[in-house]
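S.K.: need a 3D model of the following:
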Amino acid sequence: MIVILSALAAIIPMSLYLYFIWKYDKYDREPIKLVLASYLWGAIGAVFLAFIGSFALNFIVNFFIDDEFGVNFIGAVFIAPFVEEITKGLFLLIIITNKKFDNLTDGIVYGGAIGLGFGMTENFLYFINNSGNFSEWFNLVVVRSLFSGVMHLVSTATLGAFLGLSKFMYLPLKITLGLLGLFLAMLIHALWNFLVSFEITVFLGFIFLILLVIVFFGVFKFSLNRERKMIFKELYEESINGLIPSSHLHILSSTQRDKTGWIDEKIRIPYIKCATTLAFRKRQSKLSKGYSKIFYLEEVNYYRNQIINLLSQASFTI
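M.R.: Predicted coordinates:
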């Protein structure tokens with residue numbers, strides 16, 4: 001019974017957080033398949049590799065340190081952040097090649113998904129290994145669901161944000177920003193583990209993480225606001241050229257687009273998707289070169305034609 005309760009206590013909170021950050025990405029929501037793949041990598045692949053890496057490094061540390069507290073402290077504050085942030089980040093290096101991963105917001109979503117998956121599995125392992133006393137088990141569930149799992153979300157989302165920010169930059173800057181993001185992810189992880197390792201600093205750990213979450217959502221909101229402005233700017237050019245009705249500009253770049261009545265309902269959703277994707281593809285084509293630039297320019301023409309076809313089907317526009 002406790003195994004089932006532990007599984008539910010691990011899965012439900014992290015899955016709700018995942019749904020929230022996916023839904024919060026309101027202008028160009030990432031494909032759910034890629035988000036779930038990221039989540040599963042964190043839950044399975046990253047945990048498996050982290051176990052191997054941590055075991056190997058802890059084995060080495062045991063040769064030099066006999067003190068049990070010292071070994072555990074080094075494992076928690078140095079080895080775990082180093083190994084786990086690398087194993088979580090490996091999947092970001094794969095998914096960043098996808099054409100859907102193109103900016104800071106996407107990095108936050110994919111990185112956050114990986115972190116939540118890792119937090120889910122880690123929480124489950126902690127819950128089943130500390131199930132002797134229900135009161136203590138329940139307190140552990142609350143603390144790890146509200147804090148430890150969220151730490152994994154924020155740390156890996158930090159790496160993802162830096163990778164997303166560097167997507168269209170030159171290779172040296174890509175590497176620099178990627179390493180900086182990895183360092184910050186490890187630092188966040190290490191500081192959290194350090195602060196919760198001592199009773200006297202646990203409260204500071206909670207304050208630290210709460211502040212991090214506030215910063216996290218501040219950056220998330222800032223990035224979404226940049227997307228909104230970019231959509232308006234790119235579609236403004238299309239409006240000048242007669243493709244997008246001028247009355248649609250502010251609607252397409254705001255949450256008003258989710259309301260009915262401003263365009264024929266039968267085309268509203270595909271029209272929003274095509275117009276938004278057009279704006280992103282135009283932006284990407286300006287930042288790219290070589291084969292990628294050709295690909296994005298072809299996409300721009302494709303979505304322009306899609307919009308022409310959709311608007312020709314509409315019985316009314318305002």
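
S.K.: please count neighbours and contacts with C-alpha atoms only from this point.
M.R.: Noted.

S.K.: so, low pLDDT: which residues of the stretch 101-250 of the chain?
M.R.: Along the stretch 101-250 of the chain, no part satisfies pLDDT under 70.

S.K.: quick check: the gap between Gly70 and Val77.
M.R.: 10 Å (CA to CA, to the nearest Å).

S.K.: how about the helix or strand hosting Tyr110: buried residues?
M.R.: Using DSSP states H and E, the element containing Tyr110 is helix 104-129. Using 16 or more other CA atoms under 10 Å as the test for burial, helix 104-129 gives 104-124, 126-128.

S.K.: give the buried residues for the longest helix along the chain.
M.R.: Looking across the chain with DSSP state H, the single longest helix is helix 202-240. Residues 202, 205-206, 209-210, 212-213, 216, 219-220, 223-224, 227-228, 230-236, 238-239 are the ones in helix 202-240 that count as buried (16+ other CA under 10 Å).

S.K.: surely Arg144 is within a strand?
M.R.: No: counting by DSSP: H, G, I helix; E, B strand; the rest coil, Arg144 falls outside a strand, being helix.

S.K.: for stretch 36-49, measure first residue to last.
M.R.: 19 Å.

S.K.: list the contacts of it.
M.R.: Stretch 36-49 is contacted by residues 84, 87-88, 91, 110-111, 113-122 when judged by CA atoms under 8 Å, 6 or more residues apart in numbering.

S.K.: that older thread, next one: the helix or strand following the longest helix of the chain to chain centre, how far?
M.R.: Counting by DSSP H and E, the next helix or strand C-terminal to helix 202-240 is helix 249-252. Its chain's C-alpha centre and that of helix 249-252 lie 26 Å apart, by CA atoms, centre = their mean, to the nearest Å.

S.K.: which strands and helices lie in contact with helix 249-252?
M.R.: Contacting helix 249-252 under the criterion 3 or more CA pairs under 8 Å, 6 or more residues apart in numbering; DSSP states H and E are the following elements: helix 202-240, helix 265-287.

S.K.: which one, of those, ends up nearest to Leu16?
M.R.: Closest to Leu16 of the helices and strands packed on helix 249-252, according to CA to CA: helix 202-240, at 15.9 Å.

S.K.: find the centremost residue of this protein, please.
M.R.: Val109 (2.2 Å; CA atoms, centre = their mean).

S.K.: ok, now how distant is that one from Ile200?
M.R.: For Val109, the distance to Ile200 (CA to CA) stands at 34 Å.

S.K.: same check on Leu310?
M.R.: 63 Å.

S.K.: out of the helices and strands packed on helix 249-252, the one nearest Phe134 is which?
M.R.: Of all those, helix 202-240 comes closest under CA to CA, at 21.8 Å.

S.K.: pull the distance from that closest one to the chain's centre.
M.R.: 12 Å.

S.K.: show me what that helix is packed against.
M.R.: helix 104-129, helix 149-165, helix 171-195, helix 249-252, helix 265-287.

S.K.: count of neighbours near the nearest residue to Gln284 once chain neighbours are set aside?
M.R.: Counting by CA to CA, 6 or more residues apart in numbering, Gln284 lies nearest to Tyr296, which is 6.6 Å off, once chain neighbours are set aside. Tyr296: 23 surrounding residues under other CA atoms under 10 Å.

S.K.: just to revisit the earlier point, got TSV for the helices and strands packed on helix 249-252, with distance to Tyr24 too?
M.R.: As requested, these are arranged in TSV below (distance: least, CA to CA, whole Å):
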stretch	distance to Tyr24
helix 202-240	9
helix 265-287	16
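
S.K.: which one of the ones you listed lies closest to Ile95?
M.R.: helix 265-287 (16.7 Å).

S.K.: what is that closest one packed up against?
M.R.: With 3+ CA pairs under 8 Å, 6+ apart as the test, helix 265-287 has helix 202-240, helix 249-252, helix 290-313 packed against it.

S.K.: thanks a lot, catch you later.
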